[in-house]
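# Got a predicted structure here, sequence first:
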Amino acid sequence: MATISIRDIRKSYGKTEVIHGVSLDVADGEFIVIVGPSGCGKSTLLRMVAGLERISGGTIDIGGRVVNDLEPRERDIAMVFQNYALYPHMSVFDNMAYGLKIAGKSKDEIRQRVDQAAAMLQLEPFLDRKPRALSGGQRQRVAMGRALVRNPSVFLFDEPLSNLDAKLRVQMRLEIKQMQRSVGTTALYVTHDQVEAMTLADRLVVMNAGIAEQIDTPMAVYERPATRFVAGFIGSPAMNILKGSVSGSDFALEGGGKLALGVEPVETGRPLLFGVRPEHLQVATAENAALSLSVTAVETLGADTLAHGTLSGANGAGGELIARLPGSAQIAPGDTLPLTIQDGMTHLFDAETGQRV
Amino acid sequence: MEKRVTFDNRLLPYLLLTPQLAVTIVFFFWPAGQALYQSLLLPDPFGLGARFVWFSNFEYLFNDRYYLQSFFTTAIFTFFVTLVSMSVALLFAVMADQVIKGAGAYKTLLIWPYAVAPAVAGVMWLFMFQPSIGVIAFYMKAVGIDWNPVLDGGQAMTLVILAAAWKQISYNFLFFLAGLQAIPKSLIEAAAIDGAGKWHRFRTIVFPLLSPTTFFLLVVNIVYAFFETFGIIHTMTAGGPGQSTTILVYKVYSDGFVGQDLGSSAAQSVVLMVVVGILTVIQFRYIERRVHY
């Protein structure tokens, strides 16, 4: 078990810098999820912690020891790969015992530790099998078992669930969380899936284009996204973003409409982005509607109904919008919906920098 | 499900097969049958007639000290050609796999020797190591090595092994490189994180995963050393000095066409046919199964 401290870490390939100075402090036993779109540098960041990529600048410190120039094996870490990376010519037992054998543990200790991990992951019946005779979920468990038996200071997960089907993914997600809780080992977990990120993380690192846009708890990231990118990336469907500027206590939309600001007014006239999540829009009566949506498409998901449309009506046109309504809502394309915004559920971002205002 | 093609005309399928069958029969079965038949005959010295002698050619052959010696020579030759060419090729492949800059040029250069004809390769090595005019032989003598493959059977053997192995390195290199590149990077990385050093990773992960390639090359190299090194031996030593580099294939030629003992030569071909048969069976039976992980 250990803390991790990442200081202004940078990575360049030749002259192109792909990670532009990320800093992060991970407490002992914390589960950190690094999330972002593909190509944002999240895997590279993880691989630098693992020692599989050279660090171009900054320092990484694991358990109070700067590991920049240490080989992966000297860093006391274990990693679970996206394609599992099981040794195909070895049995499940040998796969899990590989690291222990190298560490020179006694036969009895190896047996005992592997058996313990196998019991925890329900792998006992498969110990003699080769990886190719296992299902995807079982392979994933073996990969976790291999990390577990070594009892490392840090677990690293590189999109471990992306090769599994949706149902298994939900199940394995829970298992990973439980496993990490029970052993209490610090974990860094990379994913592009925001549901995985939200459910697993003690704290989230939202990355975009080589920059950590926000580092905070999942709820804080959801409730107070630090940038326009985070606002659009976390939450599904994505947050509605409308262009405009503040005028008095209203937000004047580019298309001519006006919305109640709902937050402390800021300087007038500055170009801003107004954000509201689809789930924070509610159907209202025509008199007290803040905006009206002329519905162009409806998606029924069962529990929810998504109404896509454009702003219209008395408040003028202003852009496209999605509202997430209860599944019982009876809506059809062509309807005009009067909507209100839940109190305090609006977000303002600077139009240029994308920073939260 | 395999899709089956049916013909309305009963003769058409046979007609379509005829060219292939004709080639096979004329160029493979006929000569093989001729060799089988010849091995049972004892022709007279002028080639005017032949006597049917049943298996006495074989009987004679297996009592011939020189023939048994040739088996031994072939075994030594094959073992070392295979060992040298495969291990050097593996070393090159492992190194080339790590090259990033100029990898293409590096690989191309390593593949070149494969394009050299066996006889040319033989002559080239002969020139370099020829005791009186060879460049390398000159320096070997200068440092005090008593180098004379024209007289010393062991040295002659070393020389043909080197030349034959050199020629095969490119081929093995290509396959080893392809094999190495087919191993997922993440496996190596996982092993590195598990604490394995470079050599340990190679021994426990890379080499076992290369085993299908290795086994395939083993069979190919044995067949190569057995049957395709005639040109090299012919140009370099002509089987000599004495019989020290006369491998089985070379003996078929020298007994038959130089010694004019066609009956014995044919019998030797039949023995070789059996050897090829065994190698083929091994190749087919095990190459797909045993070595796969």
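Yes, it's here.

# Flag every residue of the stretch 101-250 of chain B that's near chain A.
Within the stretch 101-250 of chain B, the residues that sit near chain A (Cβ under 8 Å from any Cβ of the partner chain) are B:184, B:186-187, B:189-197, B:200, B:204-205, B:208-209, B:211. In this view, the C-beta of every residue, glycine as well, is placed from N, C-alpha and C.

# and the longest helix out of those in chain B, what does it pack onto?
Taking DSSP state H as the assignment, the helix of chain B that covers the most residues is helix B:65-98. Other elements packing on helix B:65-98 under the criterion 3 or more Cβ pairs under 8 Å, 6 or more residues apart in numbering or on different chains; DSSP states H and E are helix B:103-111, helix B:153-181, helix B:207-227, helix B:248-253.

# now those as CSV including mean neighbour count?
Compiled in CSV, the helices and strands packed on helix B:65-98 are given as follows (neighbours: other Cβ atoms under 10 Å in any protein chain shown):
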stretch, mean neighbour count
helix B:103-111, 13
helix B:153-181, 21
helix B:207-227, 19
helix B:248-253, 21
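
# Those: lowest mean pLDDT?
With a mean of 82, helix B:103-111 has the lowest mean pLDDT of the helices and strands packed on helix B:65-98.

# Hey, what's the angle from it to helix B:65-98? Just curious.
If you take axes from the mean of the first three to the mean of the last three Cα atoms, to 10 degrees, helix B:103-111 sits at 170 degrees to helix B:65-98.

# after helix B:103-111, next one along is what?
Using DSSP states H and E, the helix or strand that directly follows helix B:103-111 along the chain is helix B:118-129.

# so how far is the helix or strand just after that next one off the chain centroid?
Note on helix B:118-129: by DSSP H and E, the next helix or strand toward the C-terminus is helix B:135-142. Its chain's average C-alpha position is 29 Å from that of helix B:135-142, according to Cα atoms, centre = their mean, to the nearest Å.

# now swap in stretch B:219-234 and tell me
Taking Cα atoms, centre = their mean, the mean C-alpha location of stretch B:219-234 is offset from the chain mean by 3 Å.

# how far does it stretch from start to finish?
23 Å (Cα to Cα, to the nearest Å).

# And for stretch A:279-290?
One end of stretch A:279-290 to the other measures 15 Å (Cα to Cα).

# just to revisit the earlier point, which members of the residues of the stretch 101-250 of chain B next to chain A occur in helices, if any?
Going by DSSP H, the helices hold B:186-187, B:189-193, B:200, B:208-209, B:211 from these.

# Can you classify residue A:238 by secondary structure?
coil (DSSP: H, G, I helix; E, B strand; the rest coil).

# Look at residue B:292 and report its pLDDT.
49.

# Show me which positions of the longest helix along chain A end up buried.
Looking across chain A with DSSP H, the single longest helix is helix A:166-183. Within helix A:166-183, the residues that qualify as buried are A:169, A:172-173, A:175-177, A:179-180, A:183, counting by 16 or more other Cβ atoms under 10 Å in any protein chain shown.

# Next, format these as CSV and append distance to residue B:140.
Below are those laid out as CSV (distance: Cβ to Cβ, whole Å):
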residue, distance to residue B:140
A:169, 67
A:172, 66
A:173, 69
A:175, 68
A:176, 65
A:177, 70
A:179, 66
A:180, 66
A:183, 65
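
# picking that back up, kindly indicate which of the ones in helices among the residues of the stretch 101-250 of chain B next to chain A lies nearest residue B:254.
residue B:211 (38.0 Å; Cβ to Cβ).

# Give me the nearest residue to residue B:268, chain neighbours excluded.
residue B:252 (4.7 Å; Cβ to Cβ, 6 or more residues apart in numbering or on different chains).

# Poorly predicted segments of the stretch 251-357 of chain A, please.
Residues of the stretch 251-357 of chain A meeting the criterion pLDDT under 70: A:255-256, A:261-265, A:313-318.

# give me the residue from it nearest chain B.
In the stretch 251-357 of chain A, the residue that lies nearest chain B is residue A:354 (34.9 Å; Cβ to the nearest Cβ).

# how many other residues sit next to that residue?
Per other Cβ atoms under 10 Å in any protein chain shown, the neighbour tally for residue A:354 reads 17.

# sorry, back to before: avg pLDDT for the longest helix of chain A?
In the prediction, helix A:166-183 has an average pLDDT of 86.

# and residue A:269, which of the helices and strands packed on helix B:65-98 is closest to it?
helix B:103-111 (58.5 Å).

# what angle separates the closest one from helix B:153-181?
If you take the same axes, to 10 degrees, helix B:103-111 sits at 150 degrees to helix B:153-181.

# Does anything pack onto helix B:103-111? Which helices or strands?
Packed against helix B:103-111, as judged by 3+ Cβ pairs under 8 Å, 6+ apart, are the following elements: helix B:65-98, helix B:153-181.

# which SS state does residue B:146 fall under?
Taken by three-state DSSP, the conformation at residue B:146 corresponds to coil.

# thinking again about what came up before, and the residue of the stretch 251-357 of chain A closest to chain B, what is it in contact with?
Contacts for residue A:354 (Cβ atoms under 8 Å, 6 or more residues apart in numbering or on different chains) come out as A:227-229, A:273.

# Which two of those residues have the greatest separation?
A:229 and A:273 (11.2 Å).

# What are the structural domain limits within chain A?
As given by automatic domain parsing, the domain ranges for chain A are A:4-225, A:240-350.

# and of these, who's closest to residue B:137?
domain A:4-225 (46.2 Å).
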